[in-house]
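Visitor: Provided below are the primary sequence and the corresponding predicted coordinates.
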Amino acid sequence: MTRQAQITAPLMLLLALLSLPLGGRAAQAQHRLQTGAKPAEIQTAEQAVQVRLAGDAAAIGPGQTIRLAVIFTIAPHWHIYWLNPGDSGAPTNLTVTAPEGFTVGGTLFPRPEAFTETAGTTYGYERETVLFVPVTAPKDLKEGEVSFDVDIFYLVCRDRCLIGRAAESLRIATAATAAGSGPSTADTQTLRRHADRLPRPLTELPGASARLEEGLLLVTGPAGGHETVEFFPLPVPGVTFGEAEIVVEDDRFRLAVPFQVKPQNALGQTMSVRGVLGLGRSVSDPCYDLLLPLESDGRPTGAVPSGTGGPERSP
Amino acid sequence: MSARTRSKPFFGLCLAVLALGCLLAMAEDEKPTKAKIGEKAPNFTLKDTKEQERSLSDFKGKTVILEWTNPECPYVRKHYGPTKSMEKTSRKVKELDSTAVWLAIDSTYGTTEKKLNFWIEQHDIKYPILLDADGTVGHLYDARRTPHMFVIDKKGVLRYHGAIDDNPLLTKPEEETTNYVVNAVKQIVKGDVVSPDYVKPYGCTVKYKRPGPGG
């Protein structure tokens, strides 16, 4: 070991030890700033999560689609859940009430993180996330203002869980022409950052393919320099998943996920094999939506796998 | 040393390894099989909050409903509190099958009789709550959430497990809610196939004892 290394190593250790309580204090200070309560004082969901409604445009024109965005600011160490919460938890849910003539799309969920809890693996969001809902104006939209109401339901957990509900409204100016979407909102940066984390259709990953074969979902493609690949299953009623097997070799990934289909448990809904494939491990790494439809008896339809631009819950 | 004398301890070692293997295999055989739809529900014995031992086998010939519970879970509190849906479900099950038995199980690490007795009194709960603080029975049934419901028929076969109903947001009016436990018992009484036999349960994580170092 060189002399410089001999000095640096204990210094680094000391700094690391010092940084632990400092980091904790910094996190607490940040939390107080966000929610006005120390982590130990959190007793209600509202203390753990702040919810705000924004739009990705300041105005909407006839026939135009904008996205309503619910911004969740979550206290340190707490998390809310993805569309598939995993082995426990509950999906975050948005219910939008729009003015007459508007069309409301399904909720779009950005790439989640996987958490290991005693009950198994769960999927969700820490610190901050944004869920989007596209809304499309009618073609005969008049100039003025419209209002959207969003009912928000979430379960926020740490070592215990709290149910949270919120109701938010947003007024947006309407323009007489489609070009009149107006200036961007104050939350532009936040919304853009999270919109970039929405899964894209797998067709946007050149060289990737997905198919169903004898109870296995098989996906291959380029790993784009990432050493790992994640799979977030989206089981629909009647379809259950086993453990995914992932191999990354020579900058290509191979994913095999066993699944079981039981049409009697479909609850009358259309069955499909769905999930999100994430390159790398970070929520900001690219991710892709997988949707392979099944017949009512559980056989693959043979249709080309599609992606909707993000897993979504029907409005 | 001859080859013959060398082989004696070697032979002995082989026998010991074999015997150990057999013992391990036997121990493996003695492990109760995990609960599975269409198969015999594994037996268990747990104490209730009055220190009385209850075994699944005590209720042979009866329909048994198992409800994984935790009074600290907000979902459980909703089902017992404002909606009273748990109480209503147990009542409807009794109407369909008067001999049906309802057992609630708390696999929360550190759960206590005192806490559960307070909960029982607070909500006037008529059925026993069994304590499974080390989570053995919870893991045997692979109970994931609270509430997580299991319906066992009179032959002791597991016929349904999963969500209590289709109201995970807890906002649907009762008349628009499908109760999967009532649905399963209705089908069992009629002699029909239980459909659905699994619906993903919603609720809190079962707060099992965290595995220590090494598992």
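Guide: It's in.
Visitor: find the nearest non-adjacent residue to the residue of the stretch 51-200 of chain A found nearest chain B, please.
Guide: Going by Cβ to the nearest Cβ, chain B is nearest to residue A:88 of the stretch 51-200 of chain A, at 3.5 Å. C-beta here means a position set from N, CA and C on the backbone, and glycine is covered the same way. Of all residues not flanking residue A:88 in the chain, residue B:205 sits nearest, at 3.5 Å (Cβ to Cβ, 6 or more residues apart in numbering or on different chains).
Visitor: same check, this time on residue A:77
Guide: That would be residue A:158: by Cβ to Cβ, 6+ apart, it lies 5.4 Å from residue A:77.
Visitor: what about that neighbour, how many neighbours?
Guide: Residue A:158: 14 surrounding residues under other Cβ atoms under 10 Å in any protein chain shown.
Visitor: per-residue pLDDT of the residue of the stretch 51-200 of chain A closest to chain B, please?
Guide: pLDDT for residue A:88: 82.
Visitor: those helices in the chain, which residues are they?
Guide: The chain I'm using is chain A. A:3-35, A:45-48, A:188-195 (DSSP state H).
Visitor: let me rephrase: I mean chain B.
Guide: B:3-30, B:74-80, B:85-96, B:113-123, B:136-140, B:180-190.
Visitor: residue B:113 against residue B:131, yeah?
Guide: Yes - between residue B:113 and residue B:131 there is a contact at 6.6 Å, judged by Cβ atoms under 8 Å.
Visitor: okay, and the common contacts of these two?
Guide: Among the neighbours of residue B:113, those also in contact with residue B:131 (Cβ atoms under 8 Å, 6 or more residues apart in numbering or on different chains) are residue B:49.
Visitor: more neighbours, the two?
Guide: residue B:131 (21 against 15).
Visitor: enumerate every residue touching the more buried one.
Guide: Per Cβ under 8 Å, 6+ apart, neighbours of residue B:131: B:46-49, B:106, B:111-113, B:116.
Visitor: what count of nearby residues applies to the residue of the stretch 51-200 of chain A closest to chain B?
Guide: 27.
Visitor: give the contact list for it.
Guide: A:117, A:119-120, A:122, A:157, B:144-145, B:203-206.
Visitor: between these, which is nearest residue A:287?
Guide: Checking the contacts of residue A:88 against residue A:287 by Cβ to Cβ gives residue A:122 as the nearest, at 17.5 Å.
Visitor: hey, what's the closest one bridged with?
Guide: residue A:86, residue A:115 (DSSP bridges).
Visitor: hmm, it is touching residue A:85, no?
Guide: Yes - the criterion here is Cβ under 8 Å, and residue A:122 meets it with residue A:85 at 5.7 Å.
Visitor: and the two? Which one has more around it.
Guide: Ranked by neighbour count (other Cβ under 10 Å), residue A:122 and residue A:85 place residue A:85 first, with 25 against 22.
Visitor: could I get the average pLDDT for stretch A:42-56?
Guide: 95.
Visitor: for that stretch, how far is the first residue from the last?
Guide: 31 Å (Cα to Cα, to the nearest Å).
Visitor: so where is chain B shaky, pLDDT-wise?
Guide: Confidence mapping of chain B against pLDDT under 70 gives the ranges B:1-32, B:211-215.
Visitor: write out the residues of it neighbouring chain A.
Guide: Residues of chain B lying close to chain A (Cβ under 8 Å from any Cβ of the partner chain) are B:72-75, B:78, B:144-145, B:166, B:168-171, B:193, B:195-200, B:202-211.
Visitor: ok, residue B:163 to residue B:36 distance?
Guide: 18 Å (Cβ to Cβ, to the nearest Å).
Visitor: so which of those two has more stuff around it?
Guide: residue B:163 (23 against 14).
Visitor: need the contact list for the more buried one.
Guide: Taking Cβ under 8 Å, 6+ apart, we find residue B:163 in contact with B:148-149, B:180, B:199-202.
Visitor: between those residues, which sits nearest chain A?
Guide: Nearest member of those to chain A, counting by Cβ to the nearest Cβ, is residue B:202, at 5.3 Å.
Visitor: count the residues that sit near that closest one.
Guide: Look at residue B:202: counted by other Cβ under 10 Å, it has 25 neighbours.
Visitor: could you find the closest non-adjacent residue to it?
Guide: Residue B:202's closest residue in space is residue B:168 (Cβ to Cβ, 6+ apart), at 3.9 Å.
Visitor: next up, the contacts around the closest residue in space to residue A:212 that isn't next to it in sequence.
Guide: Nearest residue to residue A:212 in three dimensions, chain neighbours excluded: residue A:300, at 4.3 Å (Cβ to Cβ, 6+ apart). Contacts for residue A:300 (Cβ under 8 Å, 6+ apart) come out as A:212, A:273, A:292-294.
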